[in-house]
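Sequence and predicted structure below; questions after.
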Amino acid sequence: MIAEGRAAEPDEADELLNAKQVAALMKVHVATVYRLADAGHLKAMRFGVGEKRRRGFRCKRSNVEAYMQESEILTDEEVA
């Protein structure tokens, strides 16, 4: 039971990750994460303006996992 006035624990799939955490999860460079987000391939949020936008980058873990799943290359055996 959740105590009154306390929020429920967030679902791990909805956890917000910063660019560094996303890069670690995907095993890529942080610049790649920004490129994917800027190109619209990775659904992400940016807060602030100018240079502060990089510090305000957030992405849901579920969006990262969905992107990686969609990018998976199937072998000939898996396709058949």
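Everything's here; your move.

Would you mind listing the buried residues in the helix or strand where residue 64 lies?
According to DSSP states H and E, residue 64 maps onto helix 61-70. For helix 61-70, burial by neighbour count (16 or more other C-beta atoms under 10 Å) applies to 61, 63-64, 67. (Each C-beta comes from the backbone N, C-alpha and C, glycine too.)

quick one, strands of the protein?
For the chain, the strands defined by DSSP state E occupy 16-17, 45-46, 57-60.

Which among those strands is found nearest to residue 36?
Residue 36 lies closest, by C-beta to C-beta, to one member of the strands of the chain: strand 57-60, at 9.5 Å.

where in this structure is pLDDT low?
1-13, 50-54, 78-80 (pLDDT under 70).

Tell me which of the strands of the chain sits most buried.
Across these, averaging neighbours per residue (mean count of other C-beta atoms under 10 Å) puts strand 57-60 on top, at a mean of 20.

so what secondary structure elements neighbour it?
For strand 57-60, the helices and strands in contact under the criterion 3 or more C-beta pairs under 8 Å, 6 or more residues apart in numbering; DSSP states H and E are strand 16-17, helix 19-26, helix 30-38, strand 45-46.

Residue 57 is nearest to which of those?
helix 19-26 (4.6 Å).

So what touches the closest one?
17, 29-30, 32-34, 42, 44, 54, 57, 59, 61, 64, 68 (C-beta atoms under 8 Å, 6 or more residues apart in numbering).

What are the buried residues along it?
Quick answer for helix 19-26 (16+ other C-beta under 10 Å): 19, 21-23, 26.
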